[in-house]
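>>> Curious how this folds, go ahead:
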Amino acid sequence: MSNTNKSEINFLVELDENRIPEKLYWTAKDGGIELEESKAIMLSVWDSKAKESMRIDLWTKDMPVDEMKIFFHQTLVAMSDTFHRATGDEKMSATMKDFCEYFAEKLDLTK
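Numbering: from 1, shown residues only. Below you'll find the model as predicted:
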């Protein structure tokens, strides 16, 4: 019998009366995270049978727009890094990085 390891990542969403997120928390006990508060979550899950991604995008109503822009920029940069590690496609990951720089420039995120 093989010995399998399992790990959980959980999200807790507190909603207002209109079902709009007021508070977001996440837990990853293996990483030492327990009910850590967050202002936004973007999660993509690949359905290989349907060959499509399913997404959950949540943010609290008090998430500042300037922070949302930074969150998107950092997510795009991370996606280009992940794309490179997953595919080894240096040319496309460089193109994605170029777009990230353009994105940051247009939103005045560069300092």
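>>> CA only for contacts and neighbour counts going forward, please
Will do.
>>> Now do the helices in this protein.
Here the chain has its helices, by DSSP state H, at 65-87, 90-106.
>>> List the residues that contact the residue minimising distance to the centre of the chain.
Geometric centre of the chain, nearest residue: Met42, 3.9 Å, by C-alpha atoms, centre = their mean. Shown in contact with Met42 (C-alpha atoms under 8 Å, 6 or more residues apart in numbering): 55-58.
>>> what about stretch 39-50, distance to the chain center?
Taking C-alpha atoms, centre = their mean, to the nearest Å, one finds stretch 39-50 lying 9 Å from the centre of the chain it belongs to.
>>> in it, what's buried?
39-40 (16 or more other C-alpha atoms under 10 Å).
>>> CA-only coordinates of it in PDB, if you can.
Backbone C-alpha positions of stretch 39-50 (Å, rounded to 0.1, in the frame of the first residue of the first chain) are rendered in PDB as follows:
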ATOM      1  CA  LYS A  39      -9.000  41.400   0.400                       C
ATOM      2  CA  ALA A  40      -9.100  39.400  -2.800                       C
ATOM      3  CA  ILE A  41      -8.800  35.900  -4.200                       C
ATOM      4  CA  MET A  42      -8.400  34.700  -7.800                       C
ATOM      5  CA  LEU A  43      -8.500  31.000  -8.200                       C
ATOM      6  CA  SER A  44      -8.400  29.000 -11.500                       C
ATOM      7  CA  VAL A  45      -9.100  25.300 -11.700                       C
ATOM      8  CA  TRP A  46      -8.500  23.200 -14.800                       C
ATOM      9  CA  ASP A  47     -11.300  20.800 -15.900                       C
ATOM     10  CA  SER A  48      -9.400  18.400 -18.200                       C
ATOM     11  CA  LYS A  49     -12.600  16.600 -19.300                       C
ATOM     12  CA  ALA A  50     -14.200  19.800 -20.600                       C
END
